[in-house]
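> Any chance you could fold what I've pasted below:
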Amino acid sequence: MFEENDLYRAYYRGRPVIGKDGDLNEVTRFSGLQGLHRELQWDGENMIFTNISPTDTIKIVAVVEYSVTNGHPTFDRQYVEFNALKMADEWIKHT
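Prediction:
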C-alpha cells in the first residue's frame, strides 16, 4: 500500500510513470486514469501529467448492482464520465 510520504516522494522525483513498476502506478490505477490506456508522463517540478489532453475523458464506476438469475451472477455497472485532465489536477492538488 502506498504511504503518504512515498506519494510525495514520487511526485517530486519527476520520473515518468510507467505501467509496471512506476512510483505512481497505484495512484493512476486506482484513480481511474488507467482508462486512458497509455503511459503517463509526469513533470514532478510542476506536478502535472504532460500527456493528458484537455479532451481526454475517463469513466469511473458509480454504481454496481449484483444479482443472481437462474444461478448465474450478473453485475450491472453504471459509469460516470469525467474530464481526465481536470480530475487528475484535482486528485494531485486536492486541498
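> Name the helix or strand for Arg38, please.
Taking DSSP states H and E as the definition, one finds Arg38 inside no helix or strand.
> Which pLDDT value belongs to it?
Listed pLDDT for Arg38 reads 88.
> what residues are up against it?
Asn51 (C-beta atoms under 8 Å, 6 or more residues apart in numbering). In this view, the C-beta of every residue, glycine as well, is placed from N, C-alpha and C.
> Quick check: phi and psi on it?
phi -160, psi 160 (degrees, to the nearest 10).
> quick check: mean pLDDT across the strand or helix carrying Ile58?
Secondary structure from DSSP H and E places Ile58 in strand 57-69. Averaged across strand 57-69, pLDDT comes to 89.
> What lies in contact with it?
Contacts of strand 57-69 (C-beta under 8 Å, 6+ apart): 32-33, 35-36, 73-84, 87.
> What pairs with it, parallel or antiparallel?
strand 72-83 (antiparallel) (DSSP bridges).
> what packs against whatever helix or strand comes next after the strand it pairs with?
Once the chain leaves strand 72-83, the next helix or strand it forms, by DSSP H and E, is helix 84-93. Judged by 3 or more C-beta pairs under 8 Å, 6 or more residues apart in numbering; DSSP states H and E, the packing partners of helix 84-93 are helix 25-31, strand 48-49, strand 57-69.
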